[in-house]
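Colleague: Give me coordinates for this.
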Amino acid sequence: MTKSGFNVSLKGADDIFSTEESRQEQQREQVQQIPIAELHPFTNHPFKVLDDESMQRTVESVEQYGVLSPLIARPRPEGGYEIISGHRRQHAAQLAGLDTLPVIVRQMDDNAAVLLMVDSNLQRENILPSERAFAYKMKLEALKKQGARSDLTSSQIGTKLRADEKVALDSGESRSQIQRFIRLTNLIPELLDMVDEKKLAFNPAVELSYLDEAQQRDFFEAMEDTQNAPSLSQAQRLKKLALESHFSYDVAFAVMGEAKKDELDKVVIKNETLRKYFPRSYTPKQMEDTIIKLLEQWQRKRQRQNER
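Modeller: Next up is the predicted model:
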């Protein structure tokens, strides 16, 4: 019995396999040699590329062995390629005088590119607080934009992770610590640089991030004028004063001019001050012993004077 209304067309084996081969070819990643001039930094890349000792070692390695690990980049609509992973390697290659670099080119949307860029750079050993702050912020925003992705699950039952939970899980930090790092992105550049340089402690910096830009600049000026870094309690007081609209340069100067409790319990004499009074051959222990001996002599002399 012939059925009408059905027109079944079967593809030949060659068509099936050629389609599969094409799909695999598109997915297959190949390393290409791409001119350095065609490689461009990732937009708003949060990781600093510094000409420090680590970079010098990288340059020496590139000069001797070349770039062994390929960069990852994606095509730019305006031409060239946007680096996702490998900014330090590119800079080292430029300093070493290379013309081309091995690159894996991937087609990636903005959110996927951000996630790979952040995750690949967070594997580095030494990461500045500012780098971590902006990296976490970029990753959090990318995850939020991805929304209901099926792979953001915490178990087989499909419980979706919050974006900040995902960032925390991947980084090994708590959710609250992730949020504290992201707070640092609200600091003016001068204060954020001080955090990186360890001149401003992390927790006080988080509290100061609640000040608006004008208040932060007043605080920065007060800190410079008093030559003091804030304790956590001082930063918390300044935050409270700012939220209550009682903040000003004069207030910040007064708070920063206060003696801290730990400063009341110790006396610090700079090494260069002490060195003027001791032979160069003296060790710190010899200097300390001599100071104690002189102080004991001074104390005995005062006691004798008081007994007269």
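Colleague: Next, the buried residues of stretch 89-100.
Modeller: Within stretch 89-100, the residues that count as buried by 16 or more other Cβ atoms under 10 Å are 89, 90, 91, 92, 93, 94, 95, 96, 98. (Each C-beta comes from the backbone N, C-alpha and C, glycine too.)
Colleague: ugh, wrong one, stretch 235-242
Modeller: Quick answer for stretch 235-242 (16+ other Cβ under 10 Å): 235, 236, 237, 238, 239, 241, 242.
Colleague: quick one: contacts of it?
Modeller: If you take Cβ atoms under 8 Å, 6 or more residues apart in numbering as the criterion, stretch 235-242 is touched by 203-205, 207-208, 210-212, 215, 219, 230, 247, 251-252, 255.
Colleague: rerun that using 7 Å as the cut-off
Modeller: 204, 207, 208, 210, 211, 215, 219, 247, 251, 252, 255 (Cβ atoms under 7 Å, 6 or more residues apart in numbering).
Colleague: Distance check, the fourth one against residue 238.
Modeller: Here the criterion is Cβ to Cβ, to the nearest Å. By it, residue 210 lies 9 Å from residue 238.
Colleague: ok, now residue 273?
Modeller: Residue 273 is 32 Å from residue 238, by Cβ to Cβ.
Colleague: Also residue 105?
Modeller: From residue 105 to residue 238 the distance is 49 Å (Cβ to Cβ).
Colleague: The stretch 101-250 of the chain: helices as residue ranges?
Modeller: Taking DSSP state H, counting those that start in this stretch as the test, the helices found in the stretch 101-250 of the chain are 110-121, 129-146, 163-171, 175-183, 189-196, 202-208, 213-226, 232-243, 249-256.
Colleague: so the closest residue to residue 113 other than its chain neighbours, which of the three states?
Modeller: Nearest non-adjacent residue to residue 113, counting by Cβ to Cβ, 6 or more residues apart in numbering: residue 84, 5.5 Å away. At residue 84 the chain is in strand, as set by DSSP: H, G, I helix; E, B strand; the rest coil.
Colleague: before we move on, back to that, can you redo the buried residues of stretch 89-100 as JSON lines with pLDDT and distance to residue 169?
Modeller: Listed next are these as JSON lines, based on pLDDT from 0 to 100; distance: Cβ to Cβ, whole Å:
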{"residue": "89", "pLDDT": "94", "distance to residue 169": "28"}
{"residue": "90", "pLDDT": "94", "distance to residue 169": "30"}
{"residue": "91", "pLDDT": "95", "distance to residue 169": "31"}
{"residue": "92", "pLDDT": "95", "distance to residue 169": "32"}
{"residue": "93", "pLDDT": "95", "distance to residue 169": "34"}
{"residue": "94", "pLDDT": "93", "distance to residue 169": "36"}
{"residue": "95", "pLDDT": "94", "distance to residue 169": "37"}
{"residue": "96", "pLDDT": "94", "distance to residue 169": "38"}
{"residue": "98", "pLDDT": "94", "distance to residue 169": "38"}
